[in-house]
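Visitor: Here is a sequence with its predicted model. Questions after.
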Amino acid sequence: AVLASLSIPALFLSVCGFSAGSYITTIGVDFKIRTVEINGEKVKLQIWDTAGQERFRTITSTYYRGTHGVIVVYDVSSAESFVNVKRWLHEINQNCDDVCRILVGNKNDDPASKVVETNDAQKFAEQMGIRLFETSAKENINVEDMFNCITELVLKTRKESVAKQQQQQQSEVVKLSKSSKRKKKCC
């Protein structure tokens with residue numbers, strides 16, 4: 001998944017032994033792996049945490065290829081952060097085919113500093129056809145649920161894609177055997 005916030009994946013990954021202190025950004029992208037269980041199925045997540053800053057934009061676009069799920073994170077206390085979401089979603093659409101996407105408003109633990117209202121974010125998410133989560137990495141609110149949601153979306157989409165491909169392959173089977181009809185002889 002592609003992420004735009006360092007603290008959300010750091011918190012999520014700390015459950016499996018990674019410490020937030022060892023989470024250092026060098027070129028704007030961090031990579032971690034975590035295995036989760038969803039509906040009795042073990043799923044290995046490869047989490048590519050891309051920095052949301054403009055200076056990393058050209059670097060991060062190369063990491064989109066082969067992506068199955070994208071989490072776009074904005075800061076609920078920053079209107080500018082929310083404005084950038086549309087650009088990020090456009091870039092993701094340009095670089096990814098049939099990718100699952102969710103929108104996440106982080107830092108949702110301080111109502112006094114919140115400038116991006118939930119209703120506005122929800123309307124935008126509905127227009128984009130994606131699900132909205134509001135999280136707090138600081139207070140560990142909705143982080144696990146958000147990762148489980150994107151994982152379930154990816155699994156569902158991939159299973160549907162495989163079933164569709166199998167159905168297409170079955171309909172494209174060409175019969176190579178000759179017909180056993182005999183021609184009637186004259187007289």
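Guide: It's in. Note that the structure is predicted; figures quoted are calculated from it, not measured.
Visitor: The helix or strand where Gln127 lies - contacts with which helices or strands?
Guide: Element membership of Gln127, judged by DSSP states H and E, is helix 118-128. Applying 3 or more Cβ pairs under 8 Å, 6 or more residues apart in numbering; DSSP states H and E, one finds that helix 118-128 contacts helix 79-95, strand 100-106, strand 131-134. Heads up, the C-betas are built off the backbone N, CA and C, glycines and all.
Visitor: Give me the contacts around it.
Guide: With Cβ atoms under 8 Å, 6 or more residues apart in numbering as the test, helix 118-128 has contacts from 74, 76, 82, 85-86, 89, 101, 103, 105, 131-132, 134.
Visitor: Apply 6 Å and report the result again.
Guide: 103, 105, 132 (Cβ atoms under 6 Å, 6 or more residues apart in numbering).
Visitor: Just the buried positions in stretch 125-141, please.
Guide: Buried residues in stretch 125-141, counted by 16 or more other Cβ atoms under 10 Å: 125, 128, 130-137, 141.
Visitor: would JSON lines of these with pLDDT be doable?
Guide: Formatted as JSON lines, the buried residues of stretch 125-141 follow (pLDDT from 0 to 100):
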{"residue": "Ala125", "pLDDT": "97"}
{"residue": "Met128", "pLDDT": "94"}
{"residue": "Ile130", "pLDDT": "95"}
{"residue": "Arg131", "pLDDT": "97"}
{"residue": "Leu132", "pLDDT": "98"}
{"residue": "Phe133", "pLDDT": "97"}
{"residue": "Glu134", "pLDDT": "97"}
{"residue": "Thr135", "pLDDT": "95"}
{"residue": "Ser136", "pLDDT": "93"}
{"residue": "Ala137", "pLDDT": "88"}
{"residue": "Ile141", "pLDDT": "93"}
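Visitor: which one among those residues gets closest to Ala112?
Guide: Ser136 (13.8 Å; Cβ to Cβ).
Visitor: Quick one: residues contacting the closest one.
Guide: 108-109.
Visitor: wait, doesn't Gly69 sit right on Cys100?
Guide: Yes: counting by Cβ atoms under 6 Å, Gly69 touches Cys100, with 4.5 Å between them.
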